[in-house]
Structure formats: C-alpha cells, structure tokens
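Novice: got a sequence here, can you build the structure:
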Amino acid sequence: MSVFLDEILLNLIELSAIKKKLSRINNKNLTINAIIRNDKERCIQYELINDHLLSHKDVLKSIYNTLMNEESFINFGKYKVIIVSAIIDDQEFNFHHNILLTNNTTFEQYYEKMKDIINTHFSDGYQIDVVQNFKILV
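Specialist: The predicted structure follows:
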C-alpha cells in the first residue's frame, strides 16, 4: 500500500512540474534585444521588446516568463533583485522598483509583490497603457 501511495505522489509531483513548464512555454515572451553583463557591478541588464503590445498584467507575465526561461537569468544566483524600467520616447522611467525573485518564485507571487507599485506614465495628458521597450536590471 505504501509503495502505491509513493508512486501516486511521485506522479503528482511530475505532473505539477510539467504543468509549470507548459504554462511558461505557452505564454508570449518578449523579444530579448540585448543582454549586457556587467561583471564589475555584478549585474545583468536585459533589454526587452514588447512585440505583442501587451499591457500591464499581460506584459508583466511576459517579462516574468522571458526571464524565467533565460539561462543567464536562471544561473545568475539563487536570489535575484530585479528593477524594471520602461523606455518611452527615448526616456527611461521606473516601471516598478526592486523585487526579490528566486528561480522558484511563481508569477502570482511576483505579481502580488508589485501590483500596487506599477508606475503609470502620461504623454500629452493621456495615460500610456502599452510600453514597447523595457530595461530590466538584475
């Protein structure tokens, strides 16, 4: 009986891991325009392009998926702090401040940490809902 329960538990764990990988693959990732590694400052800068013109939560999910599928990000260390900046008309704006991530942080955990601190920007009096270019410092 114990062996049977152990088998079921292992199958559930494997199924959970497969579902997690599939959810990452099925979501739209942003295009990585550049990865700049700065060994002196011990950071990596990612320049991402929002080709699908996603807004707010969708673009954050794509940023998350893009980073979590990027080998240099995964291998950068167990604990990572990211700062996301929006590039609008060649000007850089803070999109959200420092957020601590690990390779095991889920999107839901990431979103809960920063959903209330996303900065909104305006151009000519109109709110900008779609940002095409992002810079992420890790």
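
Novice: hmm, Val81 is touching Val138, no?
Specialist: Yes: the pair Val81 / Val138 is scored as a contact, 7.2 Å apart, by C-beta atoms under 8 Å. (C-beta placed from N, C-alpha, C; glycine too.)

Novice: the more surrounded of the two?
Specialist: Neighbour count, other C-beta atoms under 10 Å: between Val81 and Val138, Val138 has more, with 20 against 13.

Novice: who's in contact with the more buried one?
Specialist: The neighbours of Val138, taking C-beta atoms under 8 Å, 6 or more residues apart in numbering as the test, are Cys43, Ile44, Gln45, Tyr46, Leu67, Phe73, Phe76, Lys80, Val81, Ile82.

Novice: could you redo the last one with a cut-off of 6 Å?
Specialist: Shown in contact with Val138 (C-beta atoms under 6 Å, 6 or more residues apart in numbering): Ile44, Phe76, Lys80, Ile82.

Novice: over to Ile74?
Specialist: Listed by C-beta under 6 Å, 6+ apart, the contact set of Ile74 reads Asn103.

Novice: and what of the one 10 residues further on?
Specialist: By C-beta under 6 Å, 6+ apart, the contact set of Val84 is Phe95, His96, Ile136.

Novice: need those in JSON lines (columns: distance to Val59 and secondary structure).
Specialist: JSON lines is the format used below for the contacts of Val84 (distance: C-beta to C-beta, whole Å; DSSP: H, G, I helix; E, B strand; the rest coil):
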{"residue": "Phe95", "distance to Val59": "9", "secondary structure": "strand"}
{"residue": "His96", "distance to Val59": "11", "secondary structure": "strand"}
{"residue": "Ile136", "distance to Val59": "12", "secondary structure": "strand"}
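
Novice: let's see if you can find the most crowded of those residues.
Specialist: That'd be Phe95 among those, by other C-beta under 10 Å, with 24 neighbours.

Novice: can you pull up the bridge partners for Ile136?
Specialist: Bridge pairing for Ile136 (DSSP bridges) gives the partners Tyr46, Val84.

Novice: looking at it now. What's its pLDDT?
Specialist: Ile136 is assigned 95 on the pLDDT scale.
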